[in-house]
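Colleague: Sequence unavailable; structure follows:
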Ligand SMILES: Cc1ncc(C[n+]2csc(CCOP(=O)(O)OP(=O)(O)O)c2C)c(N)n1
Ligand SMILES: Cc1ncc(C[n+]2csc(CCOP(=O)(O)OP(=O)(O)O)c2C)c(N)n1
Ligand code: SF4
Ligand code: SF4
Ligand SMILES: [Mg+2]
Ligand SMILES: [Mg+2]
C-alpha cells in the first residue's frame, strides 16, 4: 500500500498534512479550522497534535489525515508539509513523500535539500500585514496564511472554514473576521501565484454525517456526568487535566439547579493526587458517585489509598489518561503503559477491573458504566485511555443516552434496615456473589453505623486478626472479582471467513489495527480482530483465543503488559499468544501493525 | 507424623510450647529466657511472637519449638500451653494436644473444659510477692513464674536461664537477681507441689554450637553496614522499623571514627516514605551507598520515586519487610504479598531485581550484596523479607565477612575522565552490557557534570522527546535487566535421587518446606526443592523447572504472585507450574505443605 | 433495672455515646480525649447518628473506635485523614465531622493534608492527640518532639519541632485551640465549642504517651504539662438555646458568638488575651515557645470565615439522598450537548 | 577572539555559568530568576562545579536547566525536591545546593517536604518561583493564589491562600526572604546572601506567569507587584574578604554577619525593621496581608542556627570520596558482633 500517486491523477480525499510550528504561536486555531472544514465537507478526518512538554517556543507538529475510506490512524507518510518553524524546517522537509507539497513561510527559509517535491514559499508576514491587524494579534494570524493557501491548493470550501472559525470563536465576530480576512488574502495570493495543479485535492462527500467531533477527555467527563457523578477530586496533570476541566465546564450547564443555583455535583481541585484519591474515596464511601482522573505519576501516588478502597470495598472510579513512562517520561506523548500498575495497584494482593474505551463515544459510555460498576461491585473501577484518545479531537458517533437506569448497587437505607429479616453485617456475603450490602453516613437507623478500616475485619466490620477470618475475606474478594468478569463490557469481535489468526488490541490503537486488518486481507493474510474492552478478560475473550492458532496481542508499551495479563489467565494457551509492542510515544500506525504481523507470519 | 507420645516415654527435645499473655506485660523477657536457655543447652529452638497491633492489654502469644531434628518452622500442634491471660484462657486451653500440659496463673482461672490434659495452676501472685519486689516491677515478674515451673517440669538447667537473663539485662545485676529469685521460688514450688513426671523433657545436646541468635532486621542492618552503607533514610513502620533502628544502634559501634567522633554513615528519620525514598535516591545519585527500609503501605508510597530511580538509573537498595496486606491489613502478621508490587513498582514499564534472603544470616549476606548490585547495575534493588524473618529471633549461622571487596560499579572521577579516550555520555552504553558510566557531584572535572531527569533523555543526558531515542533507551534498560539475571544470587537446590516433582519456595518458609520435604520422602513422595533467592529467575531456575514433571510454587500470599512471575518467564512450562498459597498471617507449617502437595499429587 | 438512667435532652444515656472498650495503655492521654469527647457530645445533645468519625493511623487514630459506636467511622490511612473527611462530609452536610489524628499523623506524614483542609475550611473538629512521639510504632521521634529529646532506641532529636498551633494559625484555620489531657475540664469546653463551629476547628491536645514519652522533662509529659501550662482563660460553652440567659461579669469575661448562636465564654485569668487577632496569637506563641510555656485555651477564632460548604453552592438536603432520577441530566440536554459538539 | 573577555576572580566568564537556552515564555518571571542566579554566582566567584541544582516539576523547576550547565543537577519529582536535595547534599558538604521550586510544587503537593527540610535546616538555597498558578499544566489554581482569583477554564478560587513566607517563619527556617522578579537588583542581593547562608534559605520570589496569570489585578502579576511592593530595606551583600572595609552610615544601616564572615547590609527605607525577630516578622506579614502589601526583602535570619551537617557529626571531607577500604568495618569487628549475638 503506497500512498504517492503520479502528478497527473490527483489523490482525492486521501492524504496527510503535517504542520510544523512553534508552540504557543496559536497554530491550534488554524489546524482545527482545517480539520473542521474537512469534516464539514463530509470527509473522514483525524488530527493529531504532537507537542512538546513546554508552553512556548519549541517545535510542535500537527498532522491531519483525510481518508475517504475512513482510515483515521496516524499515517507514516505525509503528502503535504507546512513549515512555519525555522528550527524544524530541515526535519520537516525530510518528512515529505517524493512528489509532495512543501509550503513554508518565506521569512524562515533554510537550505532546501530536496528537488523531488513541490515548493511553495508563502509571503506570510506580508499577507498578514495587509489586513492591518492589531499588533498583538499579528503573530497568531500568521497561521491563517497556510490555511488559505491550502484552501486554494486542495479545494477546501472557504465557507466551511468560516463555519469552523464561527465555532472556534463561539461566534465572536471580530476574531472571526480578522482570521477570515487573512484566509481571503492567502487564497487570493495562491490563486494568483500558484499555477501548478495540486496532486492532492479534497471533494465533498458524505462520510461524516452521523458523527460529531470531540475529545475523549470531554466524553469521559460527560459520560460521568450522565452517570450521575456527584463528586470529583483531581490534581492537574497532562494529559488528564482536560477531563476534570470538562466536568467543571459542564457542571453549571448540566448539574446546576436553575432555580436555586445550587450544584448537584462537587468538584475539588486537591493539593495532590494522594488527597484527590482520598477525597474521592471519602465521597464514595459516604454514598456519592465519585471519580478522580490522573496519569501515570499521579496513579503511582494513589497506590496506597486504592489498596484501602479495594479492601474496605469503597466504590470509586479512577480514570488514567496514559502518557509515556517510566517516571515523568514523555508527558506529552501517548502510551498504554499503565495497565499493570492499574490492574494490581496497591500493596498486598489487589486486583482491579479496568475498562478500555476504544473510541471517544465509548469514553462517554464507559463514563457512566464505570460508576454503575463501581457501586454494584463496591470496588475501585479503572478506566484507561491515553493521550491520543484523551486530548485529540476525533470524529465519533454522537453520545448515546444511557440505556439502563442508574445502578446504585446494594445500599440499605433506614426503611431497608427496618424491614430486614436477617442480621445485616457490612461484609456479610448474604447473596453468595461476593458483594455485601452497605450503608452510608446520614442513615439514622441505629443499626446502620459501622466502622470502616483498612485493617482486618470480620463480616460485621469488627476488627479481627483471626487467620481464618482474614483468609475467608480475601477469598470472598476474589469471588467478587470473578463476578466482575461477568459484568464488565464484553469485547467487540470482527470476524472474517477462514481466518486462523487473531489480533487482540484495545483503546486508541483501534483505527490503526482495523486499517491494518484490511491491508492484511488484501495481502491474503486473513485475520480476526478482537477489540478488548475490559479486564478481567471475559469468557468471549477466552473463547476467541482458544479458537485461533495464533493471537497477536498489540499494545503501546515496552513489556507487553496486556499480553502478560492474558497469559496468566490463559496459561494453557500461552504458546499461541504473541506480543507485539510499539513504544515510541507516537501513535500506532496501520503499516507498523501490518509489517509486524507479516514478519511474524513469515517466520 | 504425629507428635503426641504416651506418658510413659517422655518426648525429649521435640515439642512446642505456647504462652498466652497480655501484651505490654513484659512476657518477652520470660519467653526469650526460655528460648535462650534451650539454645544454650544445645537444643535447636525457634520462637515466634504472635502479637496484636496494639501496645498494651490485648492477647498475645509466643510459641517456642524445640526440635532435636532441627525442625524450626511453626508447629501446628502445641504440647505445652502456658495461660497468663484471662481473655484467651479458653482459646489457649483448646489449642493443646491431648495429654499435653496446661500451666495457668491461678488467679485467672476460667472454666476448665477438658479432662484429657495435665493441669497445673501456678500461684503466680503469691510466689512473686515472696521475693518482695518493688511495686512497679511486680507485674513484669509474674512471667518468671512459668519460666521456673517449666524449668522444673522440662528439666531446663537453671544456670542456662541465668545466662539468658545476664544477656537480656546486659549484666545489670538488680533485675537479673530479681528475676532469678522468682525463678528460684517457682522451681522450688514446682518441685514441692508437682509430683507427676512430665511427658516432655529437654536434655543437653550439641545442635546449636555453630549458631548465633539474631533477627533478620538486625542482620539486614549489619549486612548493609558491612556493605559500606553510607546513607539511610527511613520512616517507622511495623515490621520494618527494627532494621533502621539496628543501623542506628550499630552506627556508633561500627562507623564512628574513634578519634574524631565523626560518622561515616548518615541516618535520617524522614517525615514519611515519600521523603525517605527521595532522600535515599538523592544520596545514591550523589555517590553514597544508600538504603531505605519499609513495609507494604510505605512501599506503595515509594512507587513514583522508584520509577524515577529506575529511569534515571540511580542505585538504591529498598528493603521491604512484608506484613499482611492489602491496605493496612494485619500489620503484625506475616506475608509474602508484596512481590508483584516490588517487582513492577512504578508507572510505565518498570521492573526491578529482588533478592529473597531465606535465613537470618542470608539477610546479612544480601545486605552487602544488594548494595554492590545496586551500584553495579545502577538501579533500585529490592530485598524482600517478612515479619517472621525480620522480627523473630532465629538461630542462624554467624555472619560471614564479605568474601569480595566492595563493588562501586562504573563510576568516573576526575582522573578517569581526564584519561578517557572516548567521549563520555551519562547514558552511553559503551560496554554494550546496558550499564553506562556515571559521575557524581563534587567531581570537579569540567566535563563531569550532567543533568539528571525523569523525562526523556539521550545518551548524553540531554532532554529528548525523540521517538527512536526513547525506544532505544528502554531497550537498553531491558538489556540491563537481562544482565541482572546473570548477577543476582543463584538458587539453592536440594536434590533427591529419583524425584520427579519439584518445589520452589523462598524466604521465611524455608524451614517449613524443608521439613515437609523430609515428611514427603518418608511418605514415599520424592521431591526436589529449589529455594529461590532472587528475581529475575536465573538459568538454574529455568533448568530446574524444565527438568521436573510438576513444580509446586509455594508462597504466603493470596494470588500466587511468584507463581505468576515465573509463569510469565517460562510460559512454555506453565502447565507444570502449580501454585500453592497459604495466606492467613501465620507462618507456614510443614504439615500444611505436606498435605497441600499430597492432595495435589493424589488428584 | 429499677435504677433510673441519666439521659440527656434527647433521651440518650451516656452509653449511647460509648465506643468499644479502649485498648490503649492505661493512663494514655488519648483516653482522656475519648472521655471528654463522649461527654461533650452527650452534654451537647448531639444524636450519635449525626456524628461521623475519621482518623489516620496511630494510637491516637484508634481513639474513634472507643467513642460513639452508633456513629459511622472511617479509620483511613496514615496522614491522610483530612482528604477522606473532606470527600465524605459533602455527602450529607448536616453531619458533624470529628477527625482524630496524632502528631506523627498530622505533623510528619500528614502535613500537606493538614494544611490544605484548613485553607478550605472544611467543617471538621480536627483533634491532634499530640504526644511528641510515635506511640503505635513503639517510640520513635515525631515532628513535634522538642529539640534534644532523648528516647529509648532512638538518637537524640536533632531537629526543630513543629508547632501545630502555629501551623494552624498561618494556615488560616478559623478555630485554633490547644488543650491538655491533664486538664479535662478545659478539654471538654473546647470540644463543645468546636462541635458548634462552622469550619475547621483545630485542637492541638498535648496528650502524654505514658509508655514511650512521659519522662518528667519531656515536653509532652503529664509532669511537664502540669508545671508549664498557662491557661489563657477559663473557658465555658453556652449552647444556642441558653445564650440569652447568660450574664457576664463586667470586664472579666469575653464572649464569642458562633454562627449557630451559641457562645463561648472566656473568663480572664490575668492575661489580656482576645482570640480574634491572628497577629497577636502568632506573637503569643513565639513568646511562649521561647519561655517553654504550654499555652492552652482558645487561641484564635473567626466564626465568620466561610466554610467550603458555603462556597460550593450546594443544596441543603443531603447529596447522598438525591434520587436516581435527579442524578442524571435529561435526554434532551444530551441532544444539545451533541449538537454543540461541531 | 581579540576582545578581552570579562572574567570574575576565578577567571571564569559569565558564559561559564550559563545553562541551556531558556525555553520559558518570553517575559516569564522565572527568566529573571535564572538571570540573577547566574549573576549572583558569577559575582560571588563560586566555581560552577561547587554548585549543585535540584528541582521539582513545573516551569519553575525547569529553570535549573537554564543556568550553570557546568553544575550537576537533578530535576526530580513534583513536590519532592527537598528530600532529593537532603540526601544528595550529604555526599559532599562543600557543595552549595540550589533548590528551585514553584508555588504548586512547594505549597500544594510539596508542603510536607518544604516544612521538613526547614526544620532540619539543610543548607540549601530554596527558591520558590511563585506565580500563583500552575504554569506547566496550563493555568490551574495554585495554593498561593489569592481568594477570588479568576482564571480561564477554571472556577474562581474559593480557598484561602498559603503564604510561603509565613509558612517558612513558623517552620523555623533560618533564612526567610521575599523577592520579586520585577525587582532584579534586590533579587540578586538576596541570592548572594542566601548562597553564603549556612542553613535552609527560603526565598519566595513573586515571579509572574505572563501566559496564565498576569492580569493587572492578579496578586502575582508584574503590574500588581510594581504597585504593591513594599521593600523593607535596600539590601546589599558584602563577601567575607571585603567586610572589614565596609563603613556604615550611622543609624541608617543594619548589618547581619553570616557564619563565613560575610555581611548583609540593610539600608533602612523608612521602616524600622530588623530581621532577627520572628514574632515581629509574623506580625508584619499579618499586617501586610491585610493591607494587600507585597513585603519584600530579608524578613528573618538566624545565622547561628545549627544546620543538619553540624548536628550529624560528619567528617569535613566528602563522604562520597571515602575509599572502599574505609567503608567496610573490619573483619575483627564482625567477630565481636557475632560474639555478642548470644
Ligand atoms: C504509610 C504508613 N507509614 C507508616 C505507618 C506506620 N505507623 C503507624 S502509626 C504511626 C505513627 C503514629 O504516630 P502518631 O500519629 O503520633 O500517633 P500516636 O500513636 O503517637 O498516637 C506510624 C508511623 C503506617 N501505618 N502507614
Ligand atoms: C505527581 C505529579 N502530579 C502532577 C504533575 C503535573 N504537573 C507538572 S508541573 C505542575 C504544576 C506546576 O506548578 P508550579 O509548581 O507552580 O510551577 P510553574 O509551572 O507555575 O512554574 C503539575 C501539577 C506531575 N508532574 N507530577
Ligand atoms: S503507646 Fe503511648 S500513645 Fe499508644 S496507647 Fe500506649 S500510652 Fe497511648
Ligand atoms: S507558562 Fe507561565 S510560568 Fe510557564 S514559562 Fe510561560 S510564563 Fe513562565
Ligand atoms: Mg504521637
Ligand atoms: Mg506556579
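Modeller: Received, thanks. Remember, predicted model here, so these are calculated numbers, not experimental data. Numbers count the residues shown, from 1 in each chain, chains lettered A, B, ... in the order given. Ligands and ions are numbered 1, 2, ... in the order given.
Colleague: all contacts plus neighbour counts: C-alpha atoms, from now on.
Modeller: OK.
Colleague: what's near enough to touch residue C:216?
Modeller: Residues in contact with residue C:216 (Cα atoms under 8 Å, 6 or more residues apart in numbering or on different chains) are C:222-224.
Colleague: could you dump the residues you listed to CSV with distance to chain D and pLDDT?
Modeller: Listed next are the contacts of residue C:216 as CSV, based on distance: Cα to the nearest Cα, whole Å; pLDDT from 0 to 100:
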residue, distance to chain D, pLDDT
C:222, 26, 98
C:223, 26, 97
C:224, 23, 97
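Colleague: Up against chain B, what does the stretch 1-150 of chain A have?
Modeller: The stretch 1-150 of chain A comes close to chain B at residues residue A:52, as judged by Cα under 8 Å from any Cα of the partner chain.
Colleague: for the stretch 1-150 of chain A, what spans make up the helices?
Modeller: For the stretch 1-150 of chain A, the helices defined by DSSP state H, counting those that start in this stretch cover A:27-40, A:89-95, A:124-130, A:138-154.
Colleague: Let's see which of the contacts of residue C:216 end up in helices.
Modeller: C:222-224 (DSSP state H).
Colleague: For ligand 6, tell me which of those residues show up nearby.
Modeller: Subset of the ones in helices among the contacts of residue C:216 in contact with ligand 6: empty, counting by Cα under 5 Å from the ion.
Colleague: Tabulate those (CSV), appending neighbour count and distance to residue B:250.
Modeller: CSV is the format used below for the ones in helices among the contacts of residue C:216 (neighbours: other Cα atoms under 10 Å in any protein chain shown; distance: Cα to Cα, whole Å):
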residue, neighbour count, distance to residue B:250
C:222, 25, 33
C:223, 16, 33
C:224, 19, 32
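Colleague: if we look at ligand 4, which of those residues are close to it?
Modeller: With respect to ligand 4, and counting by Cα under 6 Å from any ligand atom, no part of these is in contact.
Colleague: Go through those and say which is closest to ligand 3.
Modeller: Of all the ones in helices among the contacts of residue C:216, residue C:222 has the smallest distance to ligand 3: 11.6 Å, by Cα to the nearest ligand atom.
Colleague: Name all residues that make contact with the closest one.
Modeller: Counted by Cα under 8 Å, 6+ apart, residue C:222 has contacts C:182, C:208, C:214, C:216.
Colleague: Would you list the phi and psi of the first one?
Modeller: Here the main-chain torsion angles of residue C:182 (degrees, to the nearest 10) amount to phi -80, psi 0.
Colleague: cool, and the second one?
Modeller: Note on residue C:208: its backbone torsions stand at phi -60, psi 140 [degrees, to the nearest 10].
Colleague: what's the distance between it and residue C:134?
Modeller: Here the distance between residue C:208 and residue C:134 works out to 11 Å (Cα to Cα, to the nearest Å).
Colleague: How about residue 265, nearest residue that isn't a chain neighbour?
Modeller: No chain was given, so I picked chain A. residue A:230 (4.2 Å; Cα to Cα, 6 or more residues apart in numbering or on different chains).
Colleague: You answered for a different chain; I wanted chain C.
Modeller: residue C:255 (4.5 Å).
Colleague: Surely that neighbour is in a helix?
Modeller: No - counting by DSSP: H, G, I helix; E, B strand; the rest coil, residue C:255 falls outside a helix, being strand.
Colleague: before we move on, the earlier item: mind putting the helices of the stretch 1-150 of chain A into TSV with distance to chain D?
Modeller: Listed next are the helices of the stretch 1-150 of chain A as TSV, based on distance: least, Cα to the nearest Cα, whole Å:
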stretch	distance to chain D
helix A:27-40	15
helix A:89-95	18
helix A:124-130	21
helix A:138-154	14
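Colleague: between these, which one is nearest to ligand 5?
Modeller: Ligand 5 lies closest to helix A:27-40 among those, at 54.0 Å (Cα to the ion).
Colleague: re earlier: just give me the closest of the contacts of residue C:216 to chain A.
Modeller: residue C:222 (30.7 Å; Cα to the nearest Cα).
Colleague: Sweet, I'm off.
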